[in-house]
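# sequence unknown, structure follows:
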Ligand code: NA
Ligand code: NA
């Protein structure tokens, strides 16, 4: 199963990169979502795969059942939750950026000099 | 765990569900409108439910069965959210 | 949902008009103008159902797929369903983030209890409670997680729903 | 020792409790300071205890290594925690003056303590994936701090910061996965033990896999060419907190590089990563300081200096590739990290105080600081010269150790770069000095009281000088700490000595269950 | 008791219609070039409460050739999309009201009283 | 602790105590803080004299404290004659300058004057430390302290542009040298194994190891860099004239008498170790001679009194440096002392003149002798000493110089070289002669200048200090009839066996020096007569770049590069940032893989264990991913990414992980709702507006990243490289028995790795809190 | 000959799968979105219900002991299908209409336009 997974992971990261390099905040956010999926699948793949193994539930009294490694799911779960939370924050930050700056193009955003803003914010802070 | 008869049927069903998922995916990809995609997504999720149930039976591992009703529930949530967004812009 | 006046000189509006000069302003803010009675009814039925599902998933966590986090998201999904059917006004009156904070405190406290008892942080054990029977102490930890997830996700839902252009 | 967790747990509890009361003015501040001072005291006690009794281990939940998550207070971790807590206390005291009511209501102190917990967490954890979690905790706190108040500039820069760090987080997970695949464990002690025995193609594969983590940590440490996030974001962090950022964020990354690439990954050919780091460090030092030279805002200058100084730390890590000088290089790196924590925080705090005293933050508009705020000027001079590595200060000691290690090992080019960088560092600190503290004071600038800001910074100044003067106790400790890193046998042994505390709950449980799908739990 | 019977009756009718609907869909999908004439038709409503309307709408959606698209703002009309509109649209309207609405109202309302029109349940209230 | 150990400590640290007092009380004491300097200098001077008299050269007093034994650094002070000579010079002149300064500095805010004295006194302490340190690192520390304090002192007039510039340049140049010197010291310790100066110069094991080491010459060059910059040797001489913006006491003290001599002092300390190096003579003698000649020339060109004096100071420093290079260290005490004795009063007199006339430009002065007779007399004696005329001390020194040059063994190999060196020295001294007379003639004699009118004689507070020094100049010169000066300077030299012949009475057996002196005077008179011509002639050479300009241009160039770099690199563009990070990532992966010999042959392209449902799902996933990247509208992108999420969830089914299956499904749905909630506020996707070239670059970067990930995953999971012995069994075997749950994943999440979850939920809560703050701030403001 | 419950299960599964395929094909073949909804809404619901019925039957009859808890979940899922899929379809159809998704050329009549104003000026364009 490693080859198809590796292809998918490569595709997820390639597509995520491509999206992140596009001039649109939402696309960047989408790209990062693809990255997250890519990372999670990487963890899954690295846990190894044998189609004969079953889910890691310990109901088999004999202890003969060959179970999947429970660690990758655990790590993925933590990683999913964390990256999802941060992703949500990023999403809302993008919304605020668009609201405040009037553009969702990171290039246009970069072209606005920060010191103009700093002076403005200094004025508002004091 | 299951008889060869059921296993064969499950394999066929699995193929059918995966096939219909592929077809739905095609519709999701070509659109043309978001509503078309949303409808296709709904059906797509149903097909995935079918895949899961088939695999549950095939492997005789019912741990995945919970995913069925959760999928049904959240697919509904997603569809409604998309519909609301489409119609109104605002989801809530 | 009362329509709110939009600031006329917001940078956003300026940007929009630059972005697509041909576009007219958006439709009214009152999104419930065409609410469907069908949706209301279905969410009315489905929300408690989803909540029940979330509780079941919570309880079966230790032995079945599930646990505090999944159940929490499930409960938040139920919340989302409620918001879809009934709008965010009423839900917004509640400080959901406090639920999350309380959850965090419970989760920390459940681990710290062991510390106070001279065990390592998060040392878990099984209590034998007369009525319930076996009660693993992880339940408290998981319960905290449940509250955190519900609280945070609802916070985000509600806060975003309250945003206006 | 179970209490190893306290430097993480207490800030977390503080954060949660303070969030619940949501900005209760003075009470909140008092609770903060009390809790931070307690943890600081504990950290120093732990430092002494560990120095006398060897590494202390706590395995969460009473499990055992390698699958339980270990928390190890070795000398390195202890000193990091202690210094970070000192900086934390100082910053907290500093923010008592700078924090606004609105910021306080929007969870300033809770998020700050989450960040602080994350920092300590990163230092103490002995598990690779748990380190990822620690980093995320630290980062989320920093996101919150950075965007607090949500001004236009803050929102934009925080967005970039979050986006870039999200890539880092993703790569971290990938790195953990690859390490797990190729070494089969995530526990640092076991990783260290296992990689030490790896040779041949397997070792090569592990080396390649570690490159992903190298990118992650180099990015966190803000090494070239991955420091994009830093110079843009630091200037918009609220005053006071930028001191903590400056002191902690990159240093945690440098700590990670040190811990992982020197102590944990020891497979045959593991010097590859260190050599890469050495090359990166040269660029980091030089380009960072060049960036600083042409800025006209105190915070921006200092932010670029952070990058430049990170180069020294990364250089120290890179020098550890040379087995002859590994221990000296590691000792130098640890000292340099500590020094930077102290001095960089101090400079940012003093920069904030100077801004208040003079009334502006644009360098060209400043002046007369030496007359307006002589105390701040004096402290700034000490910190600035410490940064540039002039004696007698921790900065001199750090630079001296690095130069000595490098020259002993024959790494002349990198030492040349380090020295050139040091010169430019001085050059740009003198620029701040001559613009902000010399010249005539600006007219019509809103001057505000600054003494409450200078006092906490003075603690850090005193520390940097004290480290230079009482260098021998420092060196003794650091050499021992460095030995613990280059030869982790004590660390490994301490981790695996910890017993499994959990009892077997129900030995028969496994035999009573239905074969298929159970109706209820056991 | 009667309501339960009516419910069961409705359920059976619904089941039959549901299966017929699927048969029709299958037929249409699998016919090489199907002939059908879709259209949107307004059907006046007698059902009033959310529950009734929902039952009706979902039933309509699940059964032959029709989808409930919209309930008018006055809640007196339901507009359905029919896959194949008969030449006389009234025919379709009648089938909706007679097959489903009538059967639903039988078990949702204890007495088929005209006063029901005024009765408004709590779920009828718009959430402010 | 013996009394002499105490004395050593007191000599060095008394000034620091006084400096601390001045800093603390300066705002109340004001100019009276200067008395602290007088007291501290007096104490140190007395201590140094006591040590000098109380010990033989063979058994100097030593104070030793193991400061950082782990690094071999000790706090070791040694009272050898050369060190004590320097200390006495520092403390003695410090005393006089302190006294002068109390009367010189007035009309300034008290706090500022207090700071000034604190720096000045601390500087004195640092110089004393340099003099007596017997540990290279300790010496370096004091050395850098002198740079630091001198920076503050030069920048005394910090409101003025040139005040700041002078201070900055001085510190920059000396810092470069200091850093190089540190590296040199470290090289010395790396090769020789010790930082102890006496151990190294004792010619023992350490010195032999150092001399045998390939680092020997490098260490020498680096240390010399420190010495040259400090002593303002060519080409690092340019900072010194700029530093003349400092108040006169500072110029006197730092830039004539003490600090600039620290470089020479260092060479004096180091020659026993290094003078065997092949580079020694070529490097030091050349640099010294060039400095000597150039400085003399420029001294005549300058119009500012202090600048003139600064140039002549450079000349003297160059001359001593040259002597070191010529392996004649026995002259050092003589030359240094004679120079300090006449140059310090000249500086002080320049200060008096400036005080009285408010100018230092001799073109605006003249005929001051009538208004300031006493000052004139003092200046006359000091200038005559500089000119090298008998019976001044300077004459003795110049005679000794010529005597040495005529018999120098280093030059014995090549008569031409000797002629060249002697010729250059004669010419240089002739210029020096002319400069001396210019001071007398153009300032005090002749017609009154435009600024001479208000001139008045200075009070005793100002002339007392130069008077004392002039007394030394005259006294030592006159005593030249005896052996006293000779005894003194020979006993103070860094060369313990020094036996320089110092006498006012010319030796008729060796008339060489006297003839050369005569030549010098004759040439000097010619130069003096042509002084205006030479000045005009020099104007033609203005186009030549000065070192100051080279230095400024260099820093400017670096700054230009820095601006160009930082603006392009840190341009705020996320695309650039992402590209940088990801290109580095992909590049590093490619480099690592190729470096370790991984190639396509290592790819495991078998479809091991791959089941057809899994492969189908992967294929679908590829299509969905492609749709996300190419989605024409936001909503279609949202739907596509939801599809990706569900398909990933299905892969979790294939991987038998129900827990993350549920998590992924739920999170994906919630994410979609978040996305839709936010999309409402965001603008629609624009059509592809980026240029094809840029799109190609994007595609290449994306491909590289994807390929890297593909390769890493494929390699790491191939049976060859995957470690099968992993943690799986640990988690499985403890979950039920010790954790009490059948779901190993859940038990691991909440128990075995529960603390991961603690962090995870902390993140979740913090995100909630941050978002509350982020969104409410704006709503509350509205 | 397999036992009767297996026959039933097999039949239900096959029919369910068949209906899913039909629903998917309908999505492709039908001319406009509204018609596609007929396929998706009806066929997929029945398909799902059949599959779930099959699963519930297996859980009750094929396991060593009836797996009630799982079976109940299956039944609940069936109820859920009936509740949610038509509702989603209904809302999507309305949204599509409001956003002026084109009706197929062969559409006979449109009585909705009197009840539901469409929004041709909506900034979302053709999403
Ligand atoms: Na930093
Ligand atoms: Na530096």
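Received the coordinates, thanks. Every value quoted in this text rests on a predicted model; they were computed, and no experiment measured them. Ligands and ions are numbered 1, 2, ... in the order given.
# low-scoring pLDDT stretches of chain C, where are they?
By pLDDT under 70, the low-scoring segments of chain C are C:1-34, C:165.
# That should have said chain G, apologies.
Within chain G, the stretches with pLDDT under 70 are G:1, G:118-127.
# Please enumerate the helices of it.
G:4-29, G:33-38, G:44-61, G:68-98 (DSSP state H).
# Would you mind measuring the gap between the ends of stretch C:78-98?
End-to-end distance of stretch C:78-98: 19 Å, with CA to CA, to the nearest Å as the criterion.
# Against chain D, how distant is the residue nearest to the spatial centre of chain F?
Of all residues in chain F, the one closest to the mean position by CA atoms, centre = their mean is residue F:175, 1.4 Å from it. Per CB to the nearest CB, to the nearest Å, residue F:175 is found 5 Å from chain D. From N, CA and C alone the C-beta is placed, and that goes for glycine too.
# now that residue, nearest residue through space, not along the chain?
Among residues not flanking residue F:175 along the chain, residue D:426 sits closest, at 5.2 Å (CB to CB, 6 or more residues apart in numbering or on different chains).
# That neighbour contacts residue D:388, doesn't it?
Yes: using CB atoms under 8 Å, residue D:426 makes contact with residue D:388 at a distance of 3.9 Å.
# Overlap in contacts, the two.
residue F:175 (CB atoms under 8 Å, 6 or more residues apart in numbering or on different chains).
# quick one on the thing from earlier: and the residue nearest to residue F:175, how many neighbours?
27 (other CB atoms under 10 Å in any protein chain shown).
# what helix or strand does it sit in?
helix D:412-432 (DSSP states H and E).
# Pull out the buried residues from the next helix or strand after that helix.
On the C-terminal side of helix D:412-432, the closest following helix or strand by DSSP H and E is helix D:451-469. Within helix D:451-469, the residues that count as buried by 16 or more other CB atoms under 10 Å in any protein chain shown are D:453-461, D:463-465, D:467-468.
# same question, stretch F:53-72
Here stretch F:53-72 shows F:55, F:60-63, F:67-68, F:70-72 as buried, counting by 16+ other CB under 10 Å.
# By pLDDT, give me the weakest of those.
Taken together, those show their lowest pLDDT at residue F:55, with 86.
# residues in contact with the nearest residue to that one once chain neighbours are set aside?
In space, residue F:55 comes closest to residue F:61 once its chain neighbours are excluded; the distance is 5.3 Å by CB to CB, 6+ apart. Applying CB under 8 Å, 6+ apart to residue F:61 gives the contacts F:2, F:4-5, F:7-8, F:51, F:54-55, F:78-79.
# any idea which of those residues is the one closest to residue F:650?
Nearest to residue F:650, judged by CB to CB, of the contacts of residue F:61 is residue F:78 at 80.8 Å.
# circling back to that earlier point, closest to chain D out of the helices of chain G?
helix G:68-98 (5.9 Å; CB to the nearest CB).
# Near chain D, which residues of chain B are found?
Residues of chain B lying close to chain D by CB under 8 Å from any CB of the partner chain are B:60, B:62.
# Give me the contact status of the lowest-mean-pLDDT helix or strand in chain B with chain F.
Within chain B, no helix or strand scores below helix B:66-88, which has a mean of 88 by mean pLDDT, DSSP states H and E. Yes: counting by CB under 8 Å from any CB, chain F is contacted by helix B:66-88 at B:66-67, B:70-71, B:74-75, B:77-78, B:81-82, B:84-86.
# From those residues, list the ones also adjacent to chain G.
Near chain G, taking CB under 8 Å from any CB as the test, the members of these found are B:66, B:75, B:82, B:84, B:86.
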